[in-house]
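Undergrad: Here's a sequence, model it:
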Amino acid sequence: MRKMLLAAALLAATPFAASAAERVSYTYVEAGWTQMDTNDDGFNDPKVDGGYIRGSFDIGPQVNVFGAWSYLSKSYDASVAGYDARLKLELNQPELGIGYHMEMSDRVDFTADIAWVRQNVEAKLSVDGFDSAKDKDHTNAGRATLGVRGKPSVRTEAWAKAGYLDGGSDFKGTWVGNVGGQINFTRTWGLVGEVQAYRDVTQYSVGMRASF
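TA: Below you'll find the model as predicted:
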């Protein structure tokens, strides 16, 4: 009798376990590589690359908070009047936000989020035999997006969202789009890829995510 009750309990729990595996998680940590490409013929389409970390935490049935930080850099070597010179560009970009998600079907959620984004840019010029020179600038912007996120299969996830990014007088408003996906190796670990684009900028990211 005890074996029959145990078997019945396992069979009853099976649909719930499968359903949980097919739902996306809004609590995770992630880290990886990122590259930002700028379409600017005057500067020969400059690129900077580096690393990023990102995290999200569900604070309610339909609300999550999230944050991210990325550091990208690029160095250029040149000769100035016979002297060796190096120009280093750095981009330091933190962001914080809050999101809302609502179930549209068993595997697809509607998403909405707002975020504060800061871009810190620094340029450093070093010339042999001379003091180095630095120049810094920063921009604070707000971003709001709407989209969908879901699981095409138990082992995959995909999302797409679009919205608006505006930094006031420091950064003229522009439309922004984001698409990405994940391949799950286990229920916790997955490989993530994402592309974000706005104006003349495209940012690519590849990383590992641990979902909880």
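Undergrad: Direction included, what does the host helix or strand of residue 90 pair up with?
TA: Element membership for residue 90, per DSSP states H and E: strand 83-103. Partner strands and pairing direction for strand 83-103 (DSSP bridges) are strand 63-80 (antiparallel), strand 108-127 (antiparallel).
Undergrad: residue boundaries of the helices in this structure?
TA: Remark: helices assigned in the chain by DSSP state H are 2-21.
Undergrad: Point out where it drops to low pLDDT.
TA: Across the chain, the ranges flagged by pLDDT under 70 are 1-22, 40-45, 79-81.
Undergrad: distance of the residue nearest to residue 76 when sequence neighbours are not counted from residue 31?
TA: Leaving aside its chain neighbours, residue 76 sits nearest to residue 87 (4.5 Å; criterion: CB to CB, 6 or more residues apart in numbering). (Glycine included, C-beta is placed from N, CA and C.) Taking CB to CB, to the nearest Å as the measure, residue 87 and residue 31 are separated by 28 Å.
Undergrad: do residue 136 as well
TA: Counting by CB to CB - residue 136 and residue 31 are separated by 26 Å.
Undergrad: Which one's more surrounded, these two?
TA: Here residue 136 and residue 31 are compared on neighbour count by other CB atoms under 10 Å; more neighbours surround residue 31, at 14 against 10.
Undergrad: I'd guessed the more buried one sits against residue 52; true?
TA: Yes - assessed by CB atoms under 8 Å, residue 31 is found in contact with residue 52 at 6.8 Å.
Undergrad: what touches both of the two?
TA: When contacts are counted by CB atoms under 8 Å, 6 or more residues apart in numbering, residue 31 and residue 52 have residue 207 as shared neighbours.
Undergrad: Run through the bridge partners of residue 99.
TA: residue 64, residue 113.
Undergrad: repeat for residue 92
TA: In this structure, residue 92 has the following beta-bridge partners (DSSP bridges): residue 71, residue 120.
Undergrad: Any idea how many residues pack against it?
TA: For residue 92, the count of nearby residues is 16 (other CB under 10 Å).
Undergrad: Likewise for the one 5 residues further on?
TA: A total of 19 residues lie near residue 97 under the criterion other CB under 10 Å.
Undergrad: Spit out the contact partners of residue 78.
TA: The neighbourhood of residue 78, defined by CB under 8 Å, 6+ apart, consists of 85-87.
Undergrad: and if we set it to 7 Å?
TA: The contact partners of residue 78, by CB atoms under 7 Å, 6 or more residues apart in numbering, come to residue 85.
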